[in-house]
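**Q** build me a structure from this.
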Amino acid sequence: MSSIIELLPKVVSEGRREANRILEGLSNTSRISLQTNELVAPNKDRAQSELGATALAAISGERRPERWTNRLIYGDNLLAMQALLAGDPDTGLPSIRGKIDLIYIDPPYDSKADYRTKIELPGASIDSKPTVLEQFAYADTWSNSVGGEEVKGTVAYLKYMYPRLVLMRELLSEKGSIYVHLDWHVGDYVKILLDDIFGKENFRNDIIWSYHRFSRRSNNLFPHMHDSILFYAKTKDNYYEPIPDDVRNNDRYERGYHVVVDNGVKKLLVYNEEKARQKVDFSKYDKISYTNVTATTMGDVWEIPVINPRADERVDYATQKPEKLLERIIKASSNEGSIVADFFGGSGTTAAVAEKLGRKWITSDIGKPATMIMRKRFIDNETKEFFYQSIGDYQREQMSATFGSRYRIGDLNQVVLQLYGAVPFRPEENPKHNLGRIPRTKHLVMVVSPSAVVGYNTLVEAQEYMETFQGGWDKITVLGWTFDPKLGEIANSIFGDFDNVVDFRVIPPDLLDQLKSKTSFKKLHEKVAVDEDGTIRTPVRFTSLQYLTLKDPVIIGDEVEIELENYVILSADALPLDEKNRKKMDEIIARDPLALIEYWAIDPNYDGKTFRSVWQDYRGNTDNDGDNLHVITKTRIPLGASSKVAVRAVDVFGLESEVVLEVK
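**A** Okay, here's the model as predicted:
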């Protein structure tokens, strides 16, 4: 196997070629777009029915197209950045190309760590494995192809990073800067990529973040007690505001004064006289103002403590960074009103600090747990309204990238059927190549195209197949890539009590990546088996779907009372859990299903297009009931002008459900 040094030129050439292909395709009609799932006007439930001014504006739909709205994006940042570069004329969202003044990223470090999510539920603690779409975020291990050679580890990681760094450069303004936060695992290698992309002349600093923490004793090395933050500018004219070391890096800055030595004489530096007046005896010093002192500029070694376990800012995210670190970066390289971006959002620290400092922000992450944590954090901080977005036609884009633009849907359908354990019907019986059967059963399986959303039309078609295709079937499983959030409501209207009749499974979003090599399908298919009783065993995880039910709304004066009734997870065996944790989950589903709701929100004036979230509650918000492990299940909110109220819920695994109610 070739060494890193031997493969590095190929990493650069292939990464540059991929980035150029992406940039050249931005003007295509089939360009990637961002799908707005939610417009969130933060208003966590402190007092029932109290909505802030921002929330009321969102209810009435009074939003100016030219007004900036911050963005939280779920999905692969390579696709998210393509969408931001291209813009979306259909929704009035312009291109952000050349508009971002500061990018900070804290990408995975090729540490080989497996970041599982611990979920605290009533009576149980459950470890959730990362779902397939979140492998980059949680299982920090890498594989890729470079120069026709299958590679793992650092080389694969560098291949992943190169085109992303190129797109970040395109997004930066001419005065823009990027800070790339890494540690000893890959820092030196990534610096080579950054020198190539940004130019060695635009390297500004290798900032050392020094910290103290408990560390195991080692007999052959010093404990690792610092990270590196590589600071590059796009041009020689990057914005930079020096931070005085002897003022801002001192707790006396908060008190309004600082003692300095001027030509051997102690003097009192005053930069907030109102604060200082009550705390300092001015008669002891010669007083000078802040503007009369040339303070020492802060150096490139920053001693900032890691987050205290009891700190208010802590959100229990494994790689969370302290707000003070981001505050220093944002103040140094952006102005109020600048756009600040973080494409490995994690716990949301960059966006949270940017909000506090009067900056606009964009943040994204490929992990559902990360996006849930960020959304709750922004609501808790009462940020300005923001879009929660995802990648439109995610699977179509992945398919084109994997197989080229001339892929055949029918061939892919056949592959999916076989990996699920179904036997495809012959083409003359099955012209769409999308139907199969589970051996020895009356169980039909239907695959839906990656460009289609499984919704009403799909279920009508499934019902017809189930009743008429080859004499009828006892059960049908629908395998899809994207599902309508109101699927449970739709299925009830078509099938009635459908739990034992219709099953829904999500095709893994990274399945196309798994099928890149010629032998991958064969290796996966060899592990597929169906037991005598029809139980399917497959190495491919087809995940579950779910639905929410509500009690009938009650109108009380000019308010409506909304109450959650039940939460049903279909195919719980498909959740990302091992056997031990799955048994715990089965008990909770049977005993307390609403305990699985992580977050729910209400749009009291639903227009059938954009969900405007103007009321939210989530686990951990204890302002009302003091219960850290449950959401409240009932609330009242003012009636909107529309007769429709939409309720959206997200469970602890990031699975979403939506119900629309008629209230007038």
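**Q** got the phi/psi numbers for Ser643?
**A** The phi/psi pair for Ser643 (degrees, to the nearest 10) reads phi -90, psi 0.
**Q** now it. Nearest residue, chain neighbours left out?
**A** Taking CB to CB, 6 or more residues apart in numbering, and ignoring the residues beside it in sequence, Ser643 has Lys664 as its nearest neighbour in space, at 4.2 Å. C-betas here are computed from N, CA, C, even on glycine.
**Q** and if you look at Asp106?
**A** Among residues not flanking Asp106 along the chain, His181 sits closest, at 4.2 Å (CB to CB, 6+ apart).
**Q** on the three-state scheme, that neighbour is what?
**A** Following DSSP: H, G, I helix; E, B strand; the rest coil, we place His181 in the strand state.
**Q** next: the one 4 residues further on.
**A** Following three-state DSSP, His185 is assigned to coil.
**Q** next one: the one 5 residues further on
**A** Following three-state DSSP, the label given to Val190 is helix.
**Q** the nearest residue to it once chain neighbours are set aside: how many residues sit nearby?
**A** The shortest distance from Val190 to any non-neighbouring residue, by CB to CB, 6+ apart, is to Leu182 (5.8 Å). As a burial measure, Leu182 scores 21 neighbours (other CB atoms under 10 Å).
**Q** what does Ser218 give?
**A** Ser218 sits with 9 neighbouring residues when counted by other CB under 10 Å.
**Q** circling back to that earlier point, dump the residue contacts of the residue nearest to Ser643.
**A** Ile555, Leu639, Ser643 (CB atoms under 8 Å, 6 or more residues apart in numbering).
**Q** do you know how far it is from Leu639?
**A** 8 Å (CB to CB, to the nearest Å).
**Q** quick check: neighbours shared by those two?
**A** Taking CB under 8 Å, 6+ apart as the contact rule, the neighbours common to Lys664 and Leu639 are Ile555.
**Q** show me where pLDDT drops low in the stretch 451-600 of the chain?
**A** 497-499, 509-510, 513-514, 516-518, 570-574, 576 (pLDDT under 70).
**Q** now do the strands in it.
**A** In the stretch 451-600 of the chain, the strands defined using DSSP state E, counting those that start in this stretch lie at 453-454, 475-480, 482-483, 502-506, 529-530, 536-537, 545-550, 554-556, 559-570, 597-603.
**Q** could you list the paired strands of whichever helix or strand comes after the last one along with their orientation?
**A** Secondary structure here is assigned by DSSP states H and E; on that basis, the next helix or strand after strand 597-603 toward the C-terminus is strand 612-613. If you go by DSSP bridges, strand 612-613 pairs up with strand 34-40 (parallel).
**Q** and the strand it pairs with with strand 597-603, angle?
**A** Angle of strand 34-40 versus strand 597-603, following axes from the mean of the first three to the mean of the last three CA atoms, to 10 degrees, is 90 degrees.
**Q** what does strand 34-40 rub up against?
**A** Contact with strand 34-40 is made by 58, 63, 69, 71-74, 80, 83-84, 88, 91, 93, 375, 378-379, 385-392, 601, 610-613, 616, 648, 656, as judged by CB under 8 Å, 6+ apart.
**Q** among the strands of the stretch 451-600 of the chain, which is nearest Ile207?
**A** Distance to Ile207, taken as CB to CB, is lowest for strand 597-603 among the strands of the stretch 451-600 of the chain, at 35.4 Å.
**Q** how close does the residue nearest to the spatial centre of the chain sit to Ala351?
**A** Nearest to the mean C-alpha position of the chain, by CA atoms, centre = their mean, lies Asp365 at 3.2 Å. Asp365 sits 11 Å away from Ala351, going by CB to CB.
**Q** list residues touching both of the two?
**A** Contacts common to Asp365 and Ala351, judged by CB under 8 Å, 6+ apart, are Gly345, Met374.
**Q** need the strands for the stretch 151-300 of the chain, in chain order.
**A** Under DSSP E, counting those that start in this stretch, the stretch 151-300 of the chain gives strands at 172-182, 203-210, 226-233, 257-262, 265-270, 286-289.
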